[in-house]
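[1] Got a predicted model here, sequence first, then my questions.
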Amino acid sequence: MAEEQKGFFRGLMGKLVGGDAQPQETVIPPASEPEVRPGFFERLKKGLSRTQENLIGRIDTLLLGKKQIDADTLEELEEILLTADIGVATSVELIRALEQRLKRNELQDGEALKRALREDILARLEKYAAPLDINTSTPFVIVVIGVNGVGKTTTIGKLANRYAMSGKRVLLAAADTFRAAAAEQLEIWGERAGVDVIRHQEGADPSAVVFDACKAALARQCDLLIIDTAGRLHTKVNLMEEMKKIRRVVGREIPGAPHETLLVLDAATGQNAISQAKLFKEAAEVSGVALTKLDGSAKGGIVVAVSNEFQLPVRYIGVGEGVDDLRDFDPQQFVAALFQ
Ligand SMILES: Nc1nc2c(ncn2[C@@H]2O[C@H](COP(=O)(O)OP(=O)(O)OP(=O)(O)O)[C@@H](O)[C@H]2O)c(=O)[nH]1
Ligand SMILES: [Mg+2]
């Protein structure tokens, strides 16, 4: 996407997440044209290019001209991992593993070190990775949560489109009743995907929206119900209580639901995303994560940190604003794109 367009959407986001009182204009990015766009792996690589530079680029510089790998090299590597948002706990863990390899004389040169690091990162990502299977229940209910502006509604729009295209009967619920333009934004995505949206007036009780949406999903024999929630309320405590209430209502109307509580995190926010994961995991029984805005972020290491520190599966990654810029998270592909 052109730089000026990005600026435009960022400005737009500012408007959408800004003051709540004024009526807000709702615009979403135009539909992308898959046939003229490069393949997903190419886009993933492009999207991860800043992280690649920040992490692998700096490792390459560190290793340049190094005759042998020693404890000092690993110490410097630890610095790099830390600043690439892999997180303290995971960085320490990775370095410990490399120290063991060093003791066993497995790190002969820089290439061996990079190979080992790649293996160790992949092993950690694979340990928790699990694509979301929505065929395990009907309707399958996803509650999407996360702070304002991280990309919840966009992610829902992309998911709705994807599952509707694959023949699923999808319903959306606009349970973000706090912000003026929230339901309209979801409706635009719904229209684009050919999917209905259950909504109430602004300021309505989110649980009432959820109640209606559950009833409708059952009556219409939907395969998938996705619930959009507010990213911001008057206080953080309110927000967490609201999430719990929504989950309770869903569970009462559809036994076993929600089947997924999907936490959306903005990869560009680095350590903030970690704090949010901690907060939401404690309060809302998060079962999976979608990491958005990996494109253009140098902080893609956050994927490793979130998965490893919170033992949470990263279900989806977002690498752009377009409708087809969301994919299942594939650790092999991710690591390949990063280390290439
Ligand atoms: N570059 C990029 N932008 C994204 C991605 N996902 C979402 N966005 C943009 O992020 C901005 C905010 O997205 P929303 O979906 O409105 O975020 P939200 O979490 O619903 O925000 P609230 O409703 O205010 O809580 C929009 O401009 C999106 O286009 C992504 O993967 N890459
Ligand atoms: Mg939203």
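    Cool, the structure landed. From a predicted model like this one, the values you see are computed outputs, not experimental measurements. Ligands and ions are numbered 1, 2, ... in the order given.

[2] Tally up the residues packed near whichever residue of the stretch 101-250 of the chain sits closest to ligand 1, please.
    At 2.4 Å from ligand 1, Gly231 is the closest residue in the stretch 101-250 of the chain, using Cβ to the nearest ligand atom. No exception for glycine: its C-beta is placed from N, CA and C like everyone else's. A count of nearby residues for Gly231, using other Cβ atoms under 10 Å, gives 22.

[3] by contact count, what packs against the helix or strand harbouring Gln333?
    Gln333 belongs to helix 331-339 when assigned by DSSP states H and E. Judged by 3 or more Cβ pairs under 8 Å, 6 or more residues apart in numbering; DSSP states H and E, helix 331-339 is in contact with helix 40-47, helix 49-52, helix 110-128.

[4] Which stretch among those is buried most, on average?
    Here the criterion is mean neighbour count by mean count of other Cβ atoms under 10 Å, and of the helices and strands packed on helix 331-339 the winner is helix 49-52, at a mean of 20.

[5] Would you mind measuring from Gly301 to Ile56?
    Here the criterion is Cβ to Cβ, to the nearest Å. By it, Gly301 lies 11 Å from Ile56.

[6] And for Asn105?
    The gap separating Asn105 from Ile56 is 24 Å, by Cβ to Cβ.

[7] cool, and Lys158?
    Applying Cβ to Cβ, one obtains 28 Å for the distance of Lys158 from Ile56.

[8] Same check on Val88?
    Distance of Val88 to Ile56, given as Cβ to Cβ: 20 Å.

[9] out of those two, which sits in the more crowded spot?
    Set side by side, Val88 and Ile56 show unequal neighbour counts under other Cβ under 10 Å, the larger going to Ile56 at 19 against 14.

[10] if I pick the residue nearest to that one when sequence neighbours are not counted, what's in contact with it?
    In space, not counting the residues next to it along the chain, Ile56 is nearest to Phe339; the distance is 6.0 Å by Cβ to Cβ, 6 or more residues apart in numbering. Contacts of Phe339 were listed using Cβ atoms under 8 Å, 6 or more residues apart in numbering, and they are Ile56, Lys114, Arg118.

[11] ok, now with 10 Å
    With contacts taken as Cβ atoms under 10 Å, 6 or more residues apart in numbering, Phe339 has the following neighbours: Leu48, Gln52, Leu55, Ile56, Ile59, Lys114, Arg115, Leu117, Arg118, Ile121, Leu122.

[12] cool, Val88 as well?
    Neighbours of Val88 in contact, by Cβ under 10 Å, 6+ apart: Glu78, Leu81, Leu82, Gln271, Ile274, Ala305, Glu309.

[13] residues in the stretch 151-300 of the chain within reach of ligand 2, list them.
    If contact is defined as Cβ under 5 Å from the ion, the residues of the stretch 151-300 of the chain in contact with ligand 2 are Lys152, Thr153.

[14] and the residue of the stretch 151-300 of the chain nearest ligand 2?
    Using Cβ to the ion, the closest approach of the stretch 151-300 of the chain to ligand 2 is made by Thr153 at 3.3 Å.

[15] what helix or strand is that residue on?
    Using DSSP H and E, the secondary-structure element containing Thr153 is helix 152-165.

[16] Distance from that helix to the middle of the chain?
    With Cα atoms, centre = their mean, to the nearest Å as the basis, the distance from the averaged C-alpha position of helix 152-165 to the chain average is 13 Å.

[17] Check which residues of that helix are buried.
    When neighbours are counted by 16 or more other Cβ atoms under 10 Å, the buried residues of helix 152-165 are found to be 152-164.

[18] Can you show me the helices along the protein?
    Using DSSP state H, the helices assigned to the chain run over residues 3-17, 40-47, 49-52, 58-63, 71-83, 88-103, 110-128, 152-165, 182-193, 206-219, 236-253, 271-284, 302-310, 331-339.

[19] I'd like the distance between Val306 and ligand 1.
    Using Cβ to the nearest ligand atom, to the nearest Å, we find Val306 at a distance of 15 Å from ligand 1.
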